[in-house]
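Novice: build me a model from this:
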Amino acid sequence: MQKFLIPHNDINGGKAVIRGQDAKHIAKVLRMRVRDKLLFTDGNGKDYTSIIIGIYPGEINLLIKTDSDSRFESPARITVFQGMLKDNKMDTLIRHLTELGIHAFTPLLCERTVPKPNKKRMDARLIRWKKISAEALKQCNRSILPEINRPVAFSDMFVTGSTFDLKIAFWENAGIPLSELNQKSADIKNIAILIGPEGGFSKTEAELAETQGFHLYSLGPRILRAETASMTACSLIQHYYGDI
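Specialist: The predicted structure follows:
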């Protein structure tokens, strides 16, 4: 059954409302009717089963039958700090990382970052990224919407105040493959992954990350595209600490 995403403000007193494009999709494309069953999530880890009790232009009214904690979220809370990529590569990356189960995503402006979007363009891109992540969440049956943040300068990422059990920076010159990672404790839940832009991190950035508690690892002897490196790194970390 297809899953829908409903903001928490539209869930109240045993009822819920789907608005906008999703409501139109339910009525016009899926051709669902009153009394049909519908599955949705609030994006905060709860799944709901419901039945349709009203279909109106741009709005679907639901009666909630059951709710439960999601069974589809990874035990690994992965935050990805990613050097900004060119063109639409960020769109594709956010979609795939959402599917892989990341918890949060923060783009970084690094020494070798090529795109330097202005504020107006960045506002539009941030809205687009959040929409892409929401669509990916529904497609892959997740129930927690990843936090998609505004880009920050590389040095500013170290003052976010976030606490991680493990911090890994992937750098092609690290010389130590991830296969040598020996921190396989079940206590590790909150994990930060640091990936560079096209061209990778500079030596100065890699050294700064190391002074801030990041372990430097490589993803093997071959040079990977930045987006390939990010998806590979998340997959491997999900294998070590998550549910892959």
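Novice: now the longest helix along the chain: mean pLDDT?
Specialist: Longest helix in the chain, counting residues (DSSP state H): helix 119-140. Per-residue pLDDT over helix 119-140 has a mean of 92.
Novice: partners of the helix or strand just after that helix in the sheet?
Specialist: Remark: after helix 119-140, the chain's next helix or strand is strand 147-148, criterion DSSP states H and E. Note on strand 147-148: by DSSP bridges, its sheet partners are strand 104-109 (parallel).
Novice: just the buried residues of the longest helix of the chain, please?
Specialist: M122, R125, L126, W129, I132, S133, A134, A136, L137, K138 (16 or more other CB atoms under 10 Å). All C-beta spots, glycine's among them, are computed from the backbone N, C-alpha and C.
Novice: could you check the angle it makes with strand 104-109?
Specialist: Interaxial angle of helix 119-140 relative to strand 104-109 (axes from the mean of the first three to the mean of the last three CA atoms, to 10 degrees): 150 degrees.
Novice: gap between helix 119-140 and the chain center?
Specialist: Mean-position distance between helix 119-140 and its chain equals 10 Å (CA atoms, centre = their mean, to the nearest Å).
Novice: now stretch 65-73
Specialist: Worked out by CA atoms, centre = their mean, stretch 65-73 lies 19 Å from the chain centre.
Novice: the nearest residue to S143 once chain neighbours are set aside and R222: what is the separation?
Specialist: Nearest residue to S143, sequence neighbours excluded (CB to CB, 6 or more residues apart in numbering): S70, at 3.4 Å. Applying CB to CB, to the nearest Å, the value for S70 to R222 is 36 Å.
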